[in-house]
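Student: sequence and predicted model, in that order:
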Amino acid sequence: MEKKELLYEGKAKKVFTTKDQDVLIVSYKDDATAFNGLKKGTIVGKGAINNRMTNYIFKKLEEKGVPTHLIEELNDRETAVKKVEIVPLEVIVRNFSAGSFAKKMGMEEGVKFSRPTLEFSYKNDDLGDPFINQYYALALDLATEEEIEAITKYAFLVNEVMQEYFASLNIELIDFKIEFGRYHGKIILADEVSPDTCRLWDKDTHEKLDKDRFRRDLGNVEDAYQEVFKRLGIES
Ligand code: ADP
Ligand code: UDP
């Protein structure tokens, strides 16, 4: 599988076309951004970790009935994926209060909820990804009712599978963001699942093992990504 031309360069990945119009190659960068691109930096080794972690978890999710865009890992940083039409929603699932939720609700971080929450943001950098609900999504034709239903079902299933899996690594899955796409009329999981897009805390020490270390200048950013990768035990 070979890259043809650069289709899109995002904040964390480059996306290339291939000679197969149904297949893209994503290439993960070490670049890190936060606060809608206002804060910029580099996390050495992040691209390879996020690529390999995403693929490892996507395989587990496939086994549990979540269809994903994964085709084949090509090397440390690059993966062939099914080209989808991204549904312009950031789908966020939370098990504990943190981040924007804690701020909005005037809560401490780390309070466990009675049950997981689900929320949508409109994926639009110019607007800063505003919080919306499913009625906005339907009214603005961002997705159909059937698509929202599939996205909701898969999002909670992804949460169940990941929560249980991370627990086995002594990691608490606090919250995460995922994206879905349309592929030949069906909704499938796309984009990535990594310490860039999940909040992951050590279960005993509550140490943050995710991008909050970069966002909040907590130090040891690379070490945190390496620690998660080490616990995953992915063979090289
Ligand atoms: P951003 O666009 O937020 O800066 P990235 O740097 O991660 O994010 O860029 C990757 C882009 O590729 C994102 O816009 C994402 O929605 C999109 N994408 C992810 N998976 C697929 C796929 N299978 N097909 C098409 N686009 C995808
Ligand atoms: N998230 C993400 N991309 C975004 C916004 C959020 O991957 O553009 C993830 C974030 O890493 C966290 C979860 O979604 O795991 C919830 O983030 P929150 O809404 O609390 O926003 P934040 O505090 O990151 O601004």
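Tutor: Cool, the structure landed. Ligands and ions are numbered 1, 2, ... in the order given.
Student: so the longest helix anywhere in the chain, near ligand 2 or not?
Tutor: For the chain, the helix with the greatest residue count under DSSP state H is helix 145-167. No. Figure legend: helix 145-167 not in contact with ligand 2 (CB under 6 Å from any ligand atom); closest approach 11.5 Å. The C-beta positions use only the backbone N, C-alpha and C, and glycine is treated the same way.
Student: can you give me the pLDDT of residue 36?
Tutor: At residue 36, the pLDDT value in this model is 89.
Student: tell me if I'm right that it and residue 127 touch.
Tutor: No. Look at residue 36 against residue 127 with CB atoms under 8 Å: they stay out of range, at 9.5 Å.
Student: phi, psi of the residue most central in space within the chain?
Tutor: Centroid-nearest residue in the chain: residue 193, 3.6 Å away (criterion: CA atoms, centre = their mean). The phi and psi values for residue 193, taken as degrees, to the nearest 10, are phi -130, psi 110.
Student: and it, what does it touch?
Tutor: Residue 193 makes contact with 53, 54, 57, 58, 158, 162, 176, 178 under the criterion CB atoms under 8 Å, 6 or more residues apart in numbering.
Student: what is the neighbour count of the first one?
Tutor: In other words, residue 53. 22 (other CB atoms under 10 Å).
Student: and the biggest strand by length in the chain, how far out from the chain middle?
Tutor: Counting by DSSP state E, the longest strand found in the chain is strand 171-183. Relative to its chain's centre, strand 171-183 lies at 5 Å (CA atoms, centre = their mean, to the nearest Å).
Student: ok, stretch 145-152 next?
Tutor: Taking mean C-alpha positions (CA atoms, centre = their mean), stretch 145-152 and its chain are 18 Å apart.
Student: now that stretch: average pLDDT?
Tutor: 98.
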